[in-house]
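Visitor: Okay, predicted coordinates and the sequence, questions at the end:
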Amino acid sequence: MKNILVINGGQVLAHSGAKYNTTITEVTLDFFNNKEGFEVKSTQIAAGYDCAVEVDKYVWADVIIYHTPIWWFQLPYDFKKYIDLVFTEGYGSLYRSDGRKSENPAVNYGTGGLLQGKKYLLTTSWNAPKEAFTLPGEFFGQKSVDEGPLYGFHKMNEFIGMSALPSFHFHDVEKNNKMEADINAWIAHLENVIA
């Protein structure tokens, strides 16, 4: 049995109704609920949460799947707040320290995580087209989502001991929405990476 925690970081603000990430989250939950060998829990950040319960979910999970829109090249503020509060609550359960020892404080930063052996998978949704990351001369200077804007997100998960599964990014979701194709590609990604 593999334990899966699905976290939806979508929230409502201005023209964003959080519908895209809610749909992707529902597809993900359906995928695992209809497969043998998986137990699934989920968190809808916008619906509220108890930090201690969330820490227990992280400890319970074998794989954590994050779904988040990207606003101004970062996580939405409620998702960032969730991380700040839950990870702080998780001292002693998610991490024991920053990994350094007072005898030699210059080395081993980021090695105090307690979730060794656990994995996470990041999905993001962007208005930016994929080509903004891949073509010479385009906005992101040929840096991928994972190497560029969300590098810190990956380091944060590594800090608590987890290792990354291949990310999945939904691009151009406002101007060139292709939800059905995106869902099919996402399901295929889940089959290849987790199932």
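Guide: Here it is on my side, so go on. Residues are numbered from 1 along each chain as shown.

Visitor: Quick check: the gap between Ala132 and Leu121.
Guide: As judged by Cβ to Cβ, to the nearest Å, Ala132 and Leu121 stand 22 Å apart. (Each C-beta comes from the backbone N, C-alpha and C, glycine too.)

Visitor: which of those two has more neighbours?
Guide: Leu121 (21 against 17; other Cβ atoms under 10 Å).

Visitor: which stretch of helix or strand covers the more buried one?
Guide: Using DSSP states H and E, Leu121 falls within strand 119-125.

Visitor: buried ones in whichever helix or strand comes after that strand?
Guide: Heading C-terminal from strand 119-125, the first helix or strand you meet, by DSSP H and E, is helix 131-134. For helix 131-134, the neighbour count (16 or more other Cβ atoms under 10 Å) marks 132-133 as buried.

Visitor: can you list contacts of the strand holding Leu121?
Guide: Strand 119-125 is contacted by residues 20-21, 24, 62-70, 145-146, 150, 153-154, 157, 162-170, 173, 186, 193-194 when judged by Cβ atoms under 8 Å, 6 or more residues apart in numbering.

Visitor: For the residue nearest to the spatial centre of the chain, give me its contacts.
Guide: With distances taken as Cα atoms, centre = their mean, the chain has Tyr66 as the residue nearest its mean C-alpha position (2.8 Å). Going by Cβ under 8 Å, 6+ apart, Tyr66 touches 7, 9, 120-123.
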